[in-house]
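Trainee: Here is my input, please return the structure:
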Amino acid sequence: MAGADSPSTALRRRDLCTRGIRLVGKMRSDVIDLLDTYVERQGLDASASVAAVEGVPPAAVERWDEQTGTQRLLENLAAYRAFRALLAQMLEEQREQLGEAGAALGRALAAVLLQVSAFTYHLEELLRLESRSPPSEEGDGPPPRPPLSLFEQKLRGLGVLRELAQWALRSARDLRQLAKPSPGTGSAPGLAESP
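Mentor: Residues are numbered from 1 along each chain as shown. Sure thing, here's the model as predicted:
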């Protein structure tokens, strides 16, 4: 519970949240750049309408302010684990489709995949700090799907990158909320109870 946090735990949480905010800020910037490259390289219209990406919870959530810190962390963790699987799949598809011609796009995708993996680990560390073991990865990630056409793969990739950019915004907001001291306690809001 937050009221029982030691000063070192509160400082560690604040430090992890601050570093996480910087990480998702950099990630979002890189994803926005990657989106531009991806749209151009894939020959897509930047304003193309894309369906929701299966396996990734939407970044937009009703009653965000009513969520506990633990709920925020667990939703973020589920989303970034799914993004890690989807980006790895996209990277493999890019290598098959574009070969050496898509090397720059492949490097950019690999860099974002690395950032997503690092942030996933970061979220797991925050959960451990709160004496919660991160859930196992069984069943995380996108559900198995029938093979997609090349165009469907391109559109799914566009949707993944757009949703990842939205999640980066939400994650920064969630971490800012977690880093806020609770009134009267000087520590972050309780992760197990409602704020």
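Trainee: So which residue is dead centre in the chain?
Mentor: The centre of the chain sits closest to Tyr80, judged by Cα atoms, centre = their mean, with a distance of 3.8 Å.
Trainee: quick one, phi/psi of the residue lying closest to it once chain neighbours are set aside?
Mentor: What sits nearest to Tyr80 in space, not counting adjacent residues and going by Cβ to Cβ, 6 or more residues apart in numbering, is Thr120, at 4.5 Å. C-beta here means a position set from N, CA and C on the backbone, and glycine is covered the same way. For Thr120, the backbone dihedrals (degrees, to the nearest 10) come out as phi -60, psi -50.
Trainee: how many neighbours does Thr120 have?
Mentor: When neighbours are counted by other Cβ atoms under 10 Å, Thr120 registers 21.
Trainee: That one is in contact with Arg81, isn't it?
Mentor: Yes: between Thr120 and Arg81 there is a contact at 5.9 Å, judged by Cβ atoms under 8 Å.
Trainee: And the longest helix along the chain, what does it pack against?
Mentor: The residue-count maximum for a helix in the chain (DSSP state H) belongs to helix 7-42. If you count contacts as 3 or more Cβ pairs under 8 Å, 6 or more residues apart in numbering; DSSP states H and E, helix 7-42 packs onto helix 103-129, helix 150-179.
Trainee: nearest to Ala60, of the ones you listed?
Mentor: Comparing those by their distance to Ala60 (Cβ to Cβ), the top pick is helix 150-179, with 7.2 Å.
Trainee: what comes up buried for that closest one?
Mentor: Across helix 150-179, burial judged by 16 or more other Cβ atoms under 10 Å covers 153-168, 170-172, 174-175, 177-179.
Trainee: pLDDT weak spots in this protein?
Mentor: Of all residues in the chain, those with pLDDT under 70 make up the ranges 1-5, 101, 138-146, 182-195.
Trainee: so Pro135, which of the three states?
Mentor: Following DSSP: H, G, I helix; E, B strand; the rest coil, Pro135 is assigned to coil.
Trainee: Tally up the residues packed near it, please.
Mentor: 14.
Trainee: which ones are touching it?
Mentor: Listed by Cβ atoms under 8 Å, 6 or more residues apart in numbering, the contact partners of Pro135 are 74, 77.
Trainee: Which strands or helices does whichever helix or strand comes after the longest helix of the chain pack on?
Mentor: Next helix or strand after helix 7-42 toward the C-terminus (DSSP states H and E): helix 69-98. Applying 3+ Cβ pairs under 8 Å, 6+ apart, one finds that helix 69-98 contacts helix 103-129, helix 150-179.
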